[in-house]
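Peer 1: next input, structure requested:
(2 chains)
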Amino acid sequence: MSNDLSPSACSAAPILKERGQHEVFCGLTSIIWLHRKMQDAFFLVVGSRTCAHLLQSAAGVMIFAEPRFATAILEETDLAGMADAHQELERVVSDLLSRRSDIKRLFLVGSCPSEVIKIDLATMAKKLSEKYHPDVNVVNFSGSGIETTFTQGEDACLEAVIRDLPNDEKTQLAVLGALPDVVQDQMMRLLTAMGVDDVLVLPQQTAGTPAGVGKNTHFICAQPFLGAAYDEMIRRGAHAIHAPFPFGANGTTEWLAAIAKRFGVDQSTFDAVTAGPKARATRAIAKVSETLTGRSIFFFPDSQLEVPLARFLSDECGMTLTEVGSPYIHRALVGEDLKVIEHNAVISEGQDVEKQLDRLAECNPDLTVCGLGLANPLEAQGFSTKWAIELVFSPIHFYEQAADLAGLFARPIVRSDLLKVRSAS
Amino acid sequence: MKLSVWTYEGPPHVGAIRVATGMKKVHLVLHAPQGDTYADLLFTMIERRNHRPPVTYTTFQARDLGSDTATLFKEACLEAYNRFKPDLLLVGASCTAELIQDDPGGLAEALGLPVPVVALELPSYQRKENFGADETFYQIVRKLAHPVERSTEITCNLIGPTALGFRHRDDIIEITKLLNELGVQVNVCAPMHASPEDIKNLGRAHFNVLMYPETGETACRHMERTLGLPFTKTIPIGVSATNEFVDEVFTLIDRSNSEGAIDSRLPWYSASVDSTYLTGKRVFIFGDGSHVMAAARIAKEEIGFDVVGVGCYNRELARPVRAMAKELGLDALITEDYLEVEATIADLSPELILGTQMERHIGKRLGIPCAVISAPVHVQDFPARYSPQMGAEGANVIFDTWVHPLVMGLEEHLLTMFREDFEFSDNAGPSHHAAHSPNQEIADHTATVSASDEGTNVIWLSEAEKELRKIPFFVRGKARRNTEKYASDRGVAQISIETLYEAKAHYAR
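Peer 2: Numbers count the residues shown, from 1 in each chain, chains lettered A, B, ... in the order given. Next up, the predicted model:
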């Protein structure tokens, strides 16, 4: 990497830890992309009207007439003990499954209220799995805001999926994290060309494909927010591969190189596979970087993608980092990216949104990456902003998307240069 | 426990946020877990507000539950007061905080802040968003509004508009204009635009205009009792209703109607020859009770539609909606179950749906045109242009909005005559429609034809062709053209996946 830090200087810099109002989504939000990725799955949130409202609002009420998620809304009678919550849930599941025979995997998703009143979804999942065996497998995880932030919902889901997988001792590569289909296909082509054939991608599109993990499984994360899934893989005896995340030409090359090294791919094969796409990604990034080079960027915590993306933007696009905020920093996952940036930026974990807004005003960066609640108010104050959620919904991984990724950050800057019209107020 | 796919209303604390966000110099401290801050985006994104809602969320986490969430609330309250210095502090709890029973009201009271504090009871597991807004505004009025001297000139208050309300922004302007023409000035508009100081002055007015019963009726009834303010009962949506509203205002101020009928284009547009295509079209109407009742009357009496079904999602207005349905010879559908609404529409197969954002989905799925008449709505229903629902201009807007999704006039005839035409078929939707989308086969067919017309001789290898199909349809045509141009410029005869991505990188911006 083009950074001037020597590896020996990379001791852990102090992280600014914040505790105050968190302006972030809860883990339930992950369902919005998970339910599209896992085509035979249904996500049933056991929660309140707020949970249902969050899901449709965060999804922009824009997806589909009947999505593969729903909420079992708790009512007064469930809380007052007038109805047995477990029996009620069984009834709701039975209604759901009789209407949707295409469901093969049912996720019972815990929420803040279901956690607080201690509905035992693990026991329920087990019981329902037995009842609907072999047609439907019922699994539970928590997407509650008291335990999970935004993308951690996918992490909790994946952890539950891995816990459920049978043991398999074959030598294989497991890639963790939901990726858009086109991106996943590109990744598979690169891996196949390198001679890495036995690849398990989790989560799987359908439960139909047999899969297992075990002590000969080597795994790598494609998303940086999978701390619990990572730990679960280690518990299952699998071996982690560490690398920077596959964003940009360098990130993708290093990520693939780490796999190549573990699987004994020879250098000439590796170069043959990666040289072409790497060169064109570099060329494409260079064009977009004209807008980005020398500009400063500030990240509010959102998806945990912040550290790897900051690495990409400073290392490959020439941006200057100010503050890089992340809801949670899992060194085992983002360590390789972190060590490149931690001496060039304030790294903050958690949030006190009011104080962070004060710091933003002081920094006055050229671009601010933040959630939807903050973006328009900041635009109105004259800050150029990039909605963080778009980074979770867009294909941004690997070579062919590298310039698109840079383009997502360039567009707000290009726009503010283009617009010659002023607001009266 | 109730299985729910989409909900028409949010939880009651979202109603409280709508009131606080509409007002000035008010701050709401909400005891809530992290994640509940999603509510901010309703206002900043859907309504495009340029300020954050005045809400502090305590955002407690699991680890706080074991220790002291009450202290967390008190600290958040104090910090919010010191930072924002509001003239009125609202405190409440969202669904999860309701379960841990920290008593935000008592805790805030104990802080001894130098401003009034209103503690909100928002039963999340029984009630919903409209209740939350109505209750919050009522509690604010109860706390702050006391009898004051009446204004010498004739004035009224506009009651009910909130942040995130369907066309509230423009209805306020339209009704203010109408009242001014009648010689009535607006004393206070609340909750929207009102400060706590304004609320204290509500009693200066001579009467209240209840614009939205969903969010303002309880406060109006309270003011009728305690401030002696009568309120209007007619919702001025539609030509006849607006005329009746004017009559009602004149009665309240004890003058005879000197104005005559309002000046709207709707009556002539409905009477013009072209509108015979509207006559007897079968419509289904669903939304909040007030808008549904207004829409049903316009549909039947002012456009000449045949109303084949009506209903509302807010049970608070079930009774008047049922009564109105009965007059139309129908049974009202009173439900918050989206799937039940969908099934009813599928069963009735109307030619037009007048509904909410949810019915827009249903319409899309069933291939039935839909116009939006009520909350919940999405970003496109907060248009940049002036587009009220109320008053004379509101009636004009409604005529245009409802007619827009329909296939009109001669186009309807031609479709019937030439059903087999592949470009001009009823699948394609009305030709003037913004969302008019050609079907996929036609789009792809056209793309191929245009490429060969340009005389390019490039061949797509099947792998590359497959890859191209993974690109979303709305950019696929551009990707295809770019790739073919890239290939032919370089004398490449066959397009592989490599060529596709080489071209993509080449055209990267």
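Peer 1: report how many residues lie close to residue 76.
Peer 2: Picked chain A for this. As a burial measure, A:Glu76 scores 13 neighbours (other CB atoms under 10 Å in any protein chain shown). No exception for glycine: its C-beta is placed from N, CA and C like everyone else's.
Peer 1: that's the other chain; I wanted chain B
Peer 2: 22.
Peer 1: which residue is the nearest non-sequential neighbour of it?
Peer 2: Nearest residue to B:Ala76, sequence neighbours excluded (CB to CB, 6 or more residues apart in numbering or on different chains): B:Thr58, at 4.6 Å.
Peer 1: tell me which helix or strand comes right after the helix or strand containing B:Gly132.
Peer 2: Using DSSP states H and E, the element containing B:Gly132 is helix B:129-144. Moving toward the C-terminus from helix B:129-144, the next helix or strand (DSSP H and E) is strand B:155-159.
Peer 1: packing partners for that next one?
Peer 2: helix B:168-181, strand B:185-190, strand B:207-210, helix B:213-226 (3 or more CB pairs under 8 Å, 6 or more residues apart in numbering or on different chains; DSSP states H and E).
Peer 1: could you give the angle of it to strand B:185-190?
Peer 2: Here strand B:155-159 runs at an angle of 20 degrees relative to strand B:185-190 (axes from the mean of the first three to the mean of the last three CA atoms, to 10 degrees).
Peer 1: quick one: contacts for B:Met324?
Peer 2: Shown in contact with B:Met324 (CB atoms under 8 Å, 6 or more residues apart in numbering or on different chains): B:Met293, B:Ala296, B:Val310, B:Ala332.
Peer 1: and the residues you listed, which of them are in helices?
Peer 2: B:Met293, B:Ala296 (DSSP state H).
Peer 1: TSV for the contacts of B:Met324, including neighbour count and distance to chain A?
Peer 2: As requested, those are arranged in TSV below (neighbours: other CB atoms under 10 Å in any protein chain shown; distance: CB to the nearest CB, whole Å):
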residue	neighbour count	distance to chain A
B:Met293	23	24
B:Ala296	26	25
B:Val310	27	21
B:Ala332	24	23
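Peer 1: how close does B:Val492 sit to chain A?
Peer 2: 15 Å (CB to the nearest CB, to the nearest Å).
Peer 1: secondary structure class for whatever residue of the stretch 101-250 of chain A ends up closest to chain B?
Peer 2: Nearest to chain B, among the residues of the stretch 101-250 of chain A, is A:Gly145, at 2.9 Å (CB to the nearest CB). Per DSSP: H, G, I helix; E, B strand; the rest coil, the local secondary structure of A:Gly145 is coil.
Peer 1: output stretch B:133-143 as CSV, nothing but the C-alphas.
Peer 2: The C-alpha trace of stretch B:133-143 is given here as CSV (Å, rounded to 0.1, in the frame of the first residue of the first chain):
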residue,chain,number,x,y,z
ALA,B,133,-50.3,13.2,17.8
ASP,B,134,-53.8,14.0,19.0
GLU,B,135,-53.0,13.2,22.6
THR,B,136,-49.7,15.1,22.6
PHE,B,137,-51.3,18.3,21.2
TYR,B,138,-54.2,18.0,23.6
GLN,B,139,-51.8,17.8,26.6
ILE,B,140,-49.8,20.8,25.4
VAL,B,141,-53.0,22.8,25.0
ARG,B,142,-54.3,21.7,28.4
LYS,B,143,-51.0,22.7,30.1
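Peer 1: give me phi/psi at the residue nearest to the spatial centre of chain A?
Peer 2: The centroid of chain A falls nearest to A:Thr151 when counting by CA atoms, centre = their mean (4.7 Å). Phi and psi for A:Thr151, reported as degrees, to the nearest 10, are phi -60, psi -20.
Peer 1: leaving out the residues flanking it, which one is nearest to it?
Peer 2: In space, and not counting its chain neighbours, A:Thr151 is closest to A:Phe225: 3.9 Å by CB to CB, 6+ apart.
Peer 1: for the one you found, the count of nearby residues, please.
Peer 2: When neighbours are counted by other CB under 10 Å, A:Phe225 comes out with 30.
Peer 1: neighbours of the residue in chain B positioned nearest to chain A, how many?
Peer 2: Across chain B, the shortest distance to chain A (CB to the nearest CB) belongs to B:Gly35, at 2.6 Å. Other residues within reach of B:Gly35 by the criterion other CB under 10 Å amount to 32.
Peer 1: for it, give its distance to B:Trp6.
Peer 2: 19 Å (CB to CB, to the nearest Å).
Peer 1: hang on, the earlier thing: show the pLDDT at the residue of the stretch 101-250 of chain A closest to chain B.
Peer 2: Note for A:Gly145: predicted pLDDT of 94.
Peer 1: quick one: it and A:Gly110 touch, right?
Peer 2: No. A:Gly145 is beyond contact range of A:Gly110, at 10.7 Å (criterion: CB atoms under 8 Å).
Peer 1: between these two, point out the one with more neighbours.
Peer 2: Taking other CB under 10 Å, A:Gly145 and A:Gly110 do not tie; A:Gly145 has more neighbours (35 against 25).
Peer 1: give me the low-pLDDT residue ranges for chain B?
Peer 2: Within chain B, the stretches with pLDDT under 70 are B:408-456, B:472-474, B:509.
Peer 1: give me the neighbour count for A:Asn137.
Peer 2: A:Asn137: 20 neighbours (other CB under 10 Å).
Peer 1: quick check: it vs A:Met38, distance?
Peer 2: Taking CB to CB, one finds A:Asn137 at 12 Å from A:Met38.
Peer 1: which other helices and strands contact the lengthiest helix in chain A?
Peer 2: When chain A is parsed with DSSP H, its longest helix is helix A:267-292. When contacts are defined as 3+ CB pairs under 8 Å, 6+ apart, helix A:267-292 sits against helix A:181-194, helix A:248-262, helix A:402-418, helix B:497-506.
Peer 1: so which of those comes closest to A:Ile297?
Peer 2: Comparison of those against A:Ile297 by CB to CB identifies helix A:402-418 as nearest, at 7.3 Å.
Peer 1: need the contact partners of the closest one.
Peer 2: For helix A:402-418, the surrounding residues in contact (CB under 8 Å, 6+ apart) are A:247-249, A:252, A:281, A:284-285, A:287-289, A:291-292, A:295, A:297, A:309, A:312-313, A:316-317, A:319, A:366-367, A:369, A:384-386, A:390-391, A:394-396, B:505, B:508-509.
Peer 1: buried residues in stretch A:91-100, which are they?
Peer 2: A:Val92, A:Val93, A:Leu96, A:Leu97 (16 or more other CB atoms under 10 Å in any protein chain shown).
Peer 1: correct me, but the third one touches B:Val5?
Peer 2: Translated: A:Leu96. No. Between A:Leu96 and B:Val5 there is no contact under CB under 8 Å: 10.1 Å.
Peer 1: which residues are in contact with both of these two?
Peer 2: Joint contacts of A:Leu96 and B:Val5 (CB under 8 Å, 6+ apart) are A:Ala70.
Peer 1: for the residue of chain B closest to chain A, give me its contacts.
Peer 2: Going by CB under 8 Å, 6+ apart, B:Gly35 touches A:Val24, A:Phe25, A:Cys26, A:Gly27, A:Leu28, A:Thr29, A:Leu54, A:Cys112, A:Ser144, A:Gly145, A:Thr149.
Peer 1: rebuild the residues you listed as TSV, extending it with distance to A:Pro166 and secondary structure.
Peer 2: Formatted as TSV, those follow (distance: CB to CB, whole Å; DSSP: H, G, I helix; E, B strand; the rest coil):
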residue	distance to A:Pro166	secondary structure
A:Val24	35	coil
A:Phe25	33	coil
A:Cys26	31	strand
A:Gly27	26	helix
A:Leu28	28	helix
A:Thr29	30	helix
A:Leu54	34	helix
A:Cys112	33	helix
A:Ser144	28	coil
A:Gly145	33	coil
A:Thr149	31	strand
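Peer 1: and which of the residues you listed is nearest to B:Ala392?
Peer 2: A:Leu54 (39.3 Å).
Peer 1: pull the number of nearby residues for the closest one.
Peer 2: So A:Leu54, with other CB under 10 Å, has 31 neighbours.
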